[in-house]
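Student: Have a look; sequence and predicted model below, questions after that.
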Amino acid sequence: MDLTTTVAIDEENSVARVALAGALNTDTAPAFELRLQDVVKGGYQLTVLDMKDLDYISSAGLRVIFKAAKQTRSDGRKLAAANRKPHIDKVFDILKALPDMAVFANDEELDDYLDSMQQRVRDD
Amino acid sequence: MKNSFSARLIVLLTLALALIMGGGMLLDYRFSREEILKRLAEEARIEIGVAISDTENWLKGVQATTQLLGRFLEQTDYSEEGLQQLLRDVVANNDEIFGAAIALDPGISDKPAGFAPYYYTSNGAVSFADLASENANYQAQPWFTAPAAAGKPLWSEPYFDTGGGEVLMTTYSVPVYRFTDSGERTLYAVVTADVTLEELQRVVSQMHLGDSSYSLLFSREGLVMSSRNQASVMKHYSQMAYKGVDLDSWQTLFSHALDGERITADFPCPETTGRCTIRMGRLESTGWPIGVVYNQREILAPLHRYEIKTALLGFGTVLLMSLTVYLLTSRLTRPLQQLSIASEHIARGDLDVPLPQARGEDEVSRLVRSFSSMNRELKTYIQDLETATANRSRLEGELSAAREIQMSMLPGAGKVFCQEGNVNLWAQVLPAKTVGGDLYTYFRDGNQLLLAVGDVSDKGIPAALFMARSISFLQQLAGSDLAPDTAMARLNNALERDNQSCMFLTLFLGALDLDSGELCFASAGHTAPSLLRQGRAQPIAQETGPALGLAADQAYPHNTLQLAPGDRLAIFTDGIDEAFNADAQMYGVQRVDEAMQAHAKLPLEACGHAIIASVEAHAGEQPQSDDITLMLLEYGASNTRYSSRGFNPGAELTSRIESWLQPLLQHWALPPELIMELNLVAEEIATNVDKYAGLAANEQMLFSLALQANTLSLEVRDPGKPFNPLKEGHRSTLGADIDSAEIGGLGVHLIIQLTDRQSYRREDGHNVLRVEKDIPAPDFGSPGEQPDD
């Protein structure tokens, strides 16, 4: 299975939305890593990995997400995952991966979060 | 060229000739040198002799003239004028005489001062001087007193003449006596003739040998009268500054010469290099020592000229000779050189290079001829070889097509794995040559599975053709519902017909009842199959008939074997049990049984591969001597599903595994959740092997998947470095804070968490990792509800 990555940038809110579709495995991880690295280097406050259409993830894929999380964390920025399918969730659970990573169960939660962020910016 | 044969020949011949020539010329030179030296010495002697005698004659002339004048005076009385006239004539007519005087004894003369007229040459004219003046007092002069006292003619020591010629001279004085009436002899006069040293030197200087040679003349008392250096004249020889000759030598030379001996001395030349020689003797007329000094080199100049001429001649001859040798050698060896160049071309594969012309019957020509005939034969040979190679590759192409055709006659084209009901069957044939005589086949007829494994005598094309015949007859048995023994007898008759070449076939033919597990079979001289039952393998008991195709109408015994669930049966040809190793030991049925036992735990396909690998390992470097066929049968696997596949490491590994695993598991009707998890486990295992086992590109990791009862098992075998991922694998600490968490090392966690049992073992140089997962029966449960979760 292949992996399709779509990146949408919301410059106003400094949010990058990376949508994954397909399988993130040993074969597809290297290309995804390059793609994600480009996004992370963009320096957006929040990078959301939208896993709505992600059917499969292996440790190689998790490694890439791990690495990106580490980088954004050290820069004081955030990496979040949204719309994880149950079996993807299970892999994350097994590996107790990223316990402190923001996780949005669905698009509503994500939108709420983004709204609140916007609100905070306006308040400042 | 430097190392060429002709160059060596030229150098050696020239050297040899130069040595011979040089030796000859050296000998000639030695003899000629002796000759020349002798001749030169003789010439020098003669030349000196002539010069001395010339000098002697010149002096004798002076002496004779003077003595003649004295004789005149002795016998004739002249008037004073007459005497003066006589004297004047003598001086004027004798060039050698510088001046002459007649000095009368003063007692005889009328004048008190005596009478002494003197005529001498002055500026080309004859002048007169009167010696009888008051102050001249001639009667006291040595030229007067000495001869008068001695009573005989004398040459005076050289002196400077004052009052007369004012030159250096020596005087010859002759006393003239007259007899008185009483017969007493009294001195009448002294007659003198003067000779200038200049004139003497001129005469003596005729004596010379060579350009820098000069003559020496001494007076009796040792005054130098003639020498090269005018400053030495009138000095005593002992005062002469003369390099190279010391005073003692001069004294020796002088005294010996004065005594009339000839004497020679060598000394280093004062002005030039080399040795000089001085030769001395005595002038007999005057008693003066005379000598000549010469440079030996100048004397030997003709010899040197001869030497140079000889050397030039020798050099020229050697040059001419080497040129001749060069031309001759080049001409003789030119074909050889051309041949050498041609052979280099031929060695590079250019056979069309022109060869030199061969004329005559000499060795080189014969060599050229045999070389060119060799070249022709080589060309023909290469053409033949090309044709043969072309034929051969055509034949090989045909053979490989034949192999494909032959293999297509076998189910699975030579390698097959299939499941028929509760029976798993795996078979493979490996021909020893491109085409072979082994065969296997099977077909299902209702609940009967027909099996056949056979071996045609011999190998190669005849065996392959006979095999094709056999297999077509075997296929005709499908649907015939014949018992194996009857079918065997029919096959025998069919093959025996028109079998002119007496080929034969050994065959195992069986019919397995899939429901009861009863195997009825007949054997036509075929090796008994081995049965693995409860971990022990041994050949089954069988009664066999003769091989097929040799004689018609044979009966074949009917055998039966009841298979129990879990039994495995190995049916093979003698390519396996008669595989020889380097020590000529056969593999043997015993080893087949051992291999069956050793690999009993392996899935059937892997077990088959392992047995064949074991046979190949036994044979080692020995070429495969016979076709190899192995058929494995596993009974009672009704609830066992099994599949395996090998994967090479490298790109797209995960995708390749997935594309095998996914459809297989879907086919086995496993829930999607489980499929995804198993996929994940397979990927993690493969990634680990790829990373740590260090497999070569052509080495495979073998994935075997089995579903038995409610357990799904995955076994991965790889021939890589020993590596136990369960123990040695890098495993990160889970649940760590993101800052301290390690990146990577997650795979093993997934493998362990997503399966129920994991084990690792090292076996036959392979890493074997086995994982098992229980599946909740009968409806596999619902996704995500694992008991250990």
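Tutor: Arrived safely. Numbering: from 1, shown residues only, chains lettered A, B, ... in the order given.
Student: where does the residue minimising distance to the centre of chain A fall, phi/psi-wise?
Tutor: Computing the C-alpha centroid of chain A and ranking residues by CA atoms, centre = their mean puts residue A:49 first, at 2.2 Å. Phi and psi for residue A:49, reported as degrees, to the nearest 10, are phi -100, psi 110.
Student: For residue B:101, list each beta-bridge partner.
Tutor: Per DSSP bridges, the residues bridged to residue B:101 are residue B:118, residue B:192.
Student: same thing with residue B:560?
Tutor: Using DSSP bridges, the beta-bridge partners of residue B:560 come out as residue B:520.
Student: where does it land on pLDDT?
Tutor: Residue B:560 is assigned 88 on the pLDDT scale.
Student: That one touches residue B:518, doesn't it?
Tutor: Yes: Residue B:560 lies in contact with residue B:518 (CB atoms under 8 Å); the separation is 6.2 Å. Just so you know, the C-beta spots here come from the backbone N, C-alpha and C atoms, and that holds for glycine as well.
Student: Quick check on those two: which one has the bigger neighbour count.
Tutor: Neighbour totals were compared for residue B:560 and residue B:518, and residue B:518 leads with 13 against 10 (other CB atoms under 10 Å in any protein chain shown).
Student: what's the spacing between the residue nearest to that one when sequence neighbours are not counted and residue B:545?
Tutor: Nearest non-adjacent residue to residue B:518, counting by CB to CB, 6 or more residues apart in numbering or on different chains: residue B:562, 5.5 Å away. Distance, residue B:562 to residue B:545, by CB to CB, to the nearest Å: 22 Å.
Student: same check, this time on residue B:347
Tutor: Distance, residue B:347 to residue B:545, by CB to CB: 64 Å.
Student: And those two? Which one has more around it.
Tutor: Neighbour comparison, residue B:347 and residue B:545: the larger count goes to residue B:545, with 19 against 8 (by other CB under 10 Å).
Student: what sits against the residue lying closest to the more buried one once chain neighbours are set aside?
Tutor: Closest residue to residue B:545 apart from its sequence neighbours, by CB to CB, 6+ apart: residue B:556 at 3.7 Å. Taking CB atoms under 8 Å, 6 or more residues apart in numbering or on different chains as the criterion, residue B:556 is in contact with B:484-485, B:488-489, B:492, B:522-524, B:544-545.
Student: does the residue nearest to residue B:568 when sequence neighbours are not counted sit in a helix or strand, and which one?
Tutor: Residue nearest to residue B:568 in three dimensions, not counting chain neighbours: residue B:532, with 4.1 Å by CB to CB, 6+ apart. Following DSSP states H and E, one finds residue B:532 within strand B:530-533.
Student: Buried residues of stretch B:590-609, list them for me.
Tutor: By 16 or more other CB atoms under 10 Å in any protein chain shown, the buried positions in stretch B:590-609 come out as B:591-593, B:595-596, B:598-600, B:602-609.
Student: Same check on stretch B:152-161?
Tutor: For stretch B:152-161, the neighbour count (16+ other CB under 10 Å) marks B:153-159, B:161 as buried.
Student: on that earlier part again, now intersect the contacts of residue B:556 with the strands, please.
Tutor: When DSSP state E is applied, the contacts of residue B:556 are split such that B:522-524, B:544-545 fall in strands.
Student: For the residues you listed, work out which two are farthest apart.
Tutor: Greatest spatial distance among these (CB to CB): B:522 and B:544, at 8.0 Å.
Student: Between the two, which is the more surrounded one?
Tutor: Higher neighbour count among residue B:522 and residue B:544: residue B:522, with 27 against 20, using other CB under 10 Å.
Student: rewinding a little: other residues contacting whatever helix or strand comes next after the strand holding residue B:532?
Tutor: Following strand B:530-533 in sequence order, the next helix or strand is strand B:536-539 (DSSP H and E). For strand B:536-539, contacts defined as CB under 8 Å, 6+ apart pick out B:527-531, B:568, B:570, B:589, B:592-594, B:596-597.
Student: pLDDT added to those residues, as CSV?
Tutor: Putting those into CSV (pLDDT from 0 to 100) gives the following:
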residue, pLDDT
B:527, 87
B:528, 89
B:529, 91
B:530, 90
B:531, 90
B:568, 89
B:570, 91
B:589, 86
B:592, 87
B:593, 89
B:594, 89
B:596, 87
B:597, 87
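Student: Filter those down to the ones in helices?
Tutor: Counted as lying in helices by DSSP state H, out of the contacts of strand B:536-539, are B:589, B:592-594, B:596-597.
Student: Closest to residue B:173 out of these?
Tutor: Using CB to CB, those come closest to residue B:173 at residue B:594, 153.5 Å.
Student: so who does that closest one touch?
Tutor: Counting by CB under 8 Å, 6+ apart, residue B:594 has contacts residue B:537.
Student: How about the one 3 residues further on?
Tutor: Contact partners of residue B:597, counting by CB under 8 Å, 6+ apart, are B:532, B:535-537.
Student: same deal with residue B:754?
Tutor: A:94, B:677-678, B:680-681, B:773.
Student: sorry, back to before: beta partners of the residue nearest to the centre of chain A?
Tutor: residue A:18, residue A:81.
Student: just for chain A, where's the confidence low?
Tutor: A:97-100, A:102, A:121-124 (pLDDT under 70).
Student: Redo the buried residues of stretch B:152-161 as JSON lines? Include secondary structure, distance to chain A and pLDDT.
Tutor: Converted to JSON lines, the buried residues of stretch B:152-161 look like this (DSSP: H, G, I helix; E, B strand; the rest coil; distance: CB to the nearest CB, whole Å; pLDDT from 0 to 100):
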{"residue": "B:153", "secondary structure": "coil", "distance to chain A": "144", "pLDDT": "89"}
{"residue": "B:154", "secondary structure": "strand", "distance to chain A": "141", "pLDDT": "88"}
{"residue": "B:155", "secondary structure": "strand", "distance to chain A": "136", "pLDDT": "89"}
{"residue": "B:156", "secondary structure": "coil", "distance to chain A": "137", "pLDDT": "86"}
{"residue": "B:157", "secondary structure": "coil", "distance to chain A": "134", "pLDDT": "87"}
{"residue": "B:158", "secondary structure": "coil", "distance to chain A": "130", "pLDDT": "88"}
{"residue": "B:159", "secondary structure": "strand", "distance to chain A": "134", "pLDDT": "86"}
{"residue": "B:161", "secondary structure": "coil", "distance to chain A": "135", "pLDDT": "79"}
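Student: Next up, phi/psi of residue B:769, please.
Tutor: Backbone torsions for residue B:769, taken as degrees, to the nearest 10, come to phi -110, psi 130.
Student: Residue B:749 versus that one, what's the distance?
Tutor: The value you get for residue B:769 to residue B:749, if CB to CB is used, is 15 Å.
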